[in-house]
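# quick one, what's the 3D model for this:
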Amino acid sequence: MWPIVSNKIKEDYQMEIILKQDVTNLGYKDDIVKVKNGYANNYLIPQGMAIMATPTNKKIHAETLRQRAFKEEKIRKDAETLQAALNGKTVVLKTKVGENGQLFGSVNNIQVADALKEQHNYDIDRKTIVVDGSKIKEVGNYTAIVNIHKDIKAEINLTVESE
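Take a look at the predicted model:
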């Protein structure tokens, strides 16, 4: 018969760690979690996925989170300001058109970014603009989405005209 092990002894075989990146089935970056000693010492810490949650590391972690929250708030405010400025803006794109009103090629995000810079003086990275070019094959009015921040998006109106 096996001896009864109390919860106190089981807790002695666990250690607190601070995750430096997302770990599947364990937690997300910057979480403080308890894991078994062997898992932490033999896998997570050597792989650079975590650090031990010593009192010093906890203080550093708390200060880092505080500073990151401050920076994130400023970035978020700037993104919301840009979103308010961009929402509803109309960008006119002039392209070559065939006899039946169909475009030669299609409209892409590079053209939209250039037009935003030229017409409204907003320097937006082309990678953040989402234009469904497969649908824009004719002259007309469309919408494009600008991904400004994680969950902050702006919609701009596209007017495609012939040259």
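# okay, and residue 155 sits in which element?
Counting by DSSP states H and E, the element that carries residue 155 is strand 153-162.
# just checking, what packs against that strand?
The elements that strand 153-162 packs onto, with contact taken as 3 or more CB pairs under 8 Å, 6 or more residues apart in numbering; DSSP states H and E, are helix 55-86, strand 90-95, helix 109-120, strand 140-147. Any C-beta I mention is one placed from the backbone N, CA and C, and that applies to glycine too.
# okay if I get these as TSV plus mean neighbour count?
As requested, those are exported to TSV (neighbours: other CB atoms under 10 Å):
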stretch	mean neighbour count
helix 55-86	12
strand 90-95	15
helix 109-120	17
strand 140-147	16
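# now render the ones you listed as JSON lines, adding mean pLDDT.
What follows is the helices and strands packed on strand 153-162, written out as JSON lines (pLDDT from 0 to 100):
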{"stretch": "helix 55-86", "mean pLDDT": "93"}
{"stretch": "strand 90-95", "mean pLDDT": "90"}
{"stretch": "helix 109-120", "mean pLDDT": "91"}
{"stretch": "strand 140-147", "mean pLDDT": "90"}
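# make CSV from those and add distance to residue 48 to it.
Shown next, in CSV, are the helices and strands packed on strand 153-162 (distance: least, CB to CB, whole Å):
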stretch, distance to residue 48
helix 55-86, 14
strand 90-95, 45
helix 109-120, 35
strand 140-147, 30
